[in-house]
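Asker: need coordinates for the below:
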Amino acid sequence: MQVVFDCPKCLKSNVVEAGAAVAAVACRHCGWSRPVAEGDVAADSPKACLVCGCTDLWRQKDFPQQMGVAIVGLGIVASTVAVAMMRPMLALGILMAFALADMLLYAVMRDVLACYRCHARYRFVGSTEDHPKFNLEVNERYRQEAVRLQSSQQSKVST
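Answerer: Numbering: from 1, shown residues only. Prediction:
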């Protein structure tokens, strides 16, 4: 499996190959590493985040969000031009074509796993069905945890 993560020490982006046979996940920039425990990977799928150890992972489609927004924007512009040319059926056809393309992309794209705490992404994993889809409540819990941790570290520095 491929792990894409930001190093906790130097905050630089890394892409590493990981699996049951790998002893540690390491940053190629600063040398930071975290050992991979025996139970962290099973059947080529992570049971816990290999970067931070968090057990809350969620699945999503492996599609760049910027490209998705660009496709939607292109559909909006194209249908608006068709409406401006007084061709409402063409505008509707354009919108339907973009909706069909979106549905096909959704069906074809693979799932990736993402960590709520450190936002590491796991591509080419064995099975993602064991992990739930995105949960806003869990995400908010980890976001609030990060805010509290940051404010406590700032108060320690200022004293």
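Asker: moving C-terminal of the worst-scoring helix or strand of the chain on mean pLDDT, what's the next helix or strand?
Answerer: None of the helices or strands of the chain scores lower by mean pLDDT, DSSP states H and E than strand 41-42, at a mean of 82. For strand 41-42, the succeeding helix or strand toward the C-terminus, using DSSP states H and E, is strand 45-46.
Asker: and the pLDDT for the residue located most distally from the centre of the chain?
Answerer: Distance from the C-alpha centroid of the chain peaks at residue 86, with 41.1 Å (C-alpha atoms, centre = their mean). In this model, residue 86 is scored at 95, pLDDT.
Asker: for it, helix, strand, or coil?
Answerer: Here residue 86 is coil, with the state taken from DSSP: H, G, I helix; E, B strand; the rest coil.
Asker: wait, doesn't residue 105 sit right on residue 63?
Answerer: Yes. Contact criterion C-beta atoms under 8 Å: residue 105 and residue 63 qualify, at 6.7 Å. The C-beta positions use only the backbone N, C-alpha and C, and glycine is treated the same way.
Asker: which parts of the biggest helix by length in the chain count as buried, going by neighbours?
Answerer: Assignment by DSSP state H gives helix 136-158 as the longest helix of the chain. Buried residues in helix 136-158, counted by 16 or more other C-beta atoms under 10 Å: residue 142.
Asker: that older thread, and the least confident helix or strand of the chain, how far out from the chain middle?
Answerer: Offset of strand 41-42 from its chain centre (C-alpha atoms, centre = their mean, to the nearest Å): 19 Å.
Asker: ok, residues contacting it?
Answerer: 1, 18, 19, 20, 47, 50 (C-beta atoms under 8 Å, 6 or more residues apart in numbering).
Asker: same deal with stretch 97-105?
Answerer: Against stretch 97-105 from outside (C-beta under 8 Å, 6+ apart): 63, 71, 72, 74, 75, 78, 79.
Asker: next, the spatially closest residue to residue 32 that is not a sequence neighbour: phi, psi?
Answerer: Spatially, and ignoring its direct neighbours in sequence, residue 32 is nearest to residue 9 (4.2 Å; C-beta to C-beta, 6 or more residues apart in numbering). Main-chain torsions, residue 9, degrees, to the nearest 10: phi -90, psi -50.
Asker: quick revisit: which of the contacts of stretch 97-105 has the largest number of neighbours?
Answerer: Of all the contacts of stretch 97-105, residue 79 has the most neighbours under the rule other C-beta atoms under 10 Å, reaching 21 neighbours.
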